[in-house]
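In: pasting a predicted model and its sequence here:
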Amino acid sequence: MRKKQTRVVLGFHAVLARLRAEPASIIELFVDEARQDARVKDLVASAERAGVRLMRVPTKRLDGFYGGGRHQGVVARIEVRNVGESIDEVLEELSVPALLLVLDGITDPHNLGACLRVANAAGAHAVLAPKDRAVGVTPAVSKVASGAAEATPFLMVTNLARTLGEIKERNVWVVGAHSNAKQDLYSADLPDAIAWVLGAEGEGMRRLTRETCDLLVRIPMGGQVESLNVSVAAGVCLFESVRRRALRKS
């Protein structure tokens, strides 16, 4: 029997998102006993209605157990939903064209959390990253993601280039966002089934990752800045795919 995977979620946004979406997955909820404001009272009432185990504890206990992160006086320990162990499992469950986000070299927790949030908002089916060039889903990542880290599959793969090759074999186009690409995002012919690949701001994608892409496109820049934060760029690309899908249906 596979051992249940648990994760710590910090802060009001992340905890409330989990409480509303899957209250049964919350193993226990800790609330700072010093907080008696309306925001805490609403959260406590929601937890009680959902039958979630809740404990009032001193601030120092929250700081000590969870590394002193910015928990805002609210911490939950949750059971992570099984969303598939591989990209094959994720793709096999789909009845619509795949929409994926691939991150090459994103090591900042806030960037990863923001990317997971925008991927979830766009309806992406999974986010992928290489194990050797990515931060995992930490409490800081989960807090920034505001519930998306627990709702959107995040798969860390050993060999990114090989995984991209496997994705291509399933008729999913691998499209990279690159500042030096000849085609721009809005004029490029983009398929419905697509895996968007983005690299870290500054360094960009690794050479092998870039060479594995079926197509490279650039986001047109109209101002003085040369690049966008990776989560903003991910949102631009993912929602362009969403927009085109909507147009094809209309």
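Out: Noted; the coordinates are in hand.
In: please name every helix or strand in contact with the helix or strand encompassing Leu62.
Out: Here Leu62 sits within helix 59-65, counting by DSSP states H and E. Applying 3 or more Cβ pairs under 8 Å, 6 or more residues apart in numbering; DSSP states H and E, we find helix 59-65 packed against strand 26-32. For every residue, glycine as well, the C-beta is placed using N, CA and C.
In: related to what we said a few turns ago, buried residues in the helix holding Leu62?
Out: For helix 59-65, the neighbour count (16 or more other Cβ atoms under 10 Å) marks Leu62 as buried.
In: after it, which helix or strand is next?
Out: Following helix 59-65 in sequence, per DSSP H and E, is strand 74-79.
In: quick one: that following strand to strand 26-32, angle?
Out: 170 degrees (axes from the mean of the first three to the mean of the last three Cα atoms, to 10 degrees).
In: partner strands of strand 74-79 and their direction?
Out: Neighbouring strands of strand 74-79 in its sheet, by DSSP bridges, are strand 6-10 (antiparallel), strand 26-32 (antiparallel).
In: distance of the residue most central in space within the chain relative to Val217?
Out: Centroid check for the chain by Cα atoms, centre = their mean gives Leu116 as the closest residue, at 1.7 Å. Distance of Leu116 to Val217, given as Cβ to Cβ, to the nearest Å: 22 Å.
In: do Gln183 as well
Out: Separation of Gln183 from Val217 (Cβ to Cβ): 5 Å.
In: helices of the protein, start to end?
Out: 12-21, 38-50, 59-65, 87-92, 109-122, 139-145, 148-151, 160-169, 207-212, 230-249 (DSSP state H).
In: next, the angle helix 12-21 makes with the fifth one.
Out: Going by the same axes, to 10 degrees, helix 109-122 is angled at 30 degrees with respect to helix 12-21.
In: kindly report the same for the last one.
Out: For helix 230-249 and helix 12-21, the angle between their directions (the same axes, to 10 degrees) works out to 40 degrees.
In: got a list of contacts for helix 230-249?
Out: For helix 230-249, contacts defined as Cβ atoms under 8 Å, 6 or more residues apart in numbering pick out 97, 99, 101, 103, 106, 111, 114-115, 117-119, 121-124, 175, 177, 185-186, 190, 192, 194, 196, 198-201, 219, 227-228.
In: distance between it and the chain's centre?
Out: 15 Å (Cα atoms, centre = their mean, to the nearest Å).
In: let's have the chain start at 395 instead
Out: I'll keep to 395 as the first residue from here, and by that count the last item is helix 624-643.
In: give the buried residues for that helix.
Out: Of the residues in helix 624-643, Val624, Ser625, Ala627, Ala628, Gly629, Val630, Cys631, Leu632, Glu634, Ser635, Arg638, Arg639 count as buried by neighbour count, 16+ other Cβ under 10 Å.
In: may I have that helix as PDB, with CA atoms only?
Out: The C-alpha trace of helix 624-643 is given here as PDB (Å, rounded to 0.1, in the frame of the first residue of the first chain):
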ATOM      1  CA  VAL A 624       8.500  33.900 -15.800                       C
ATOM      2  CA  SER A 625       5.000  33.700 -14.200                       C
ATOM      3  CA  VAL A 626       3.800  36.700 -16.200                       C
ATOM      4  CA  ALA A 627       5.200  35.100 -19.400                       C
ATOM      5  CA  ALA A 628       3.600  31.800 -18.600                       C
ATOM      6  CA  GLY A 629       0.200  33.600 -18.100                       C
ATOM      7  CA  VAL A 630       0.500  35.400 -21.500                       C
ATOM      8  CA  CYS A 631       1.300  32.100 -23.300                       C
ATOM      9  CA  LEU A 632      -1.200  29.900 -21.600                       C
ATOM     10  CA  PHE A 633      -4.100  32.300 -21.900                       C
ATOM     11  CA  GLU A 634      -3.300  32.800 -25.600                       C
ATOM     12  CA  SER A 635      -3.900  29.100 -26.000                       C
ATOM     13  CA  VAL A 636      -7.100  29.500 -24.000                       C
ATOM     14  CA  ARG A 637      -8.200  32.400 -26.200                       C
ATOM     15  CA  ARG A 638      -7.600  30.500 -29.400                       C
ATOM     16  CA  ARG A 639      -9.500  27.400 -28.200                       C
ATOM     17  CA  ALA A 640     -12.400  29.600 -27.400                       C
ATOM     18  CA  LEU A 641     -12.300  31.200 -30.900                       C
ATOM     19  CA  ARG A 642     -12.300  27.800 -32.500                       C
ATOM     20  CA  LYS A 643     -15.300  26.700 -30.600                       C
END
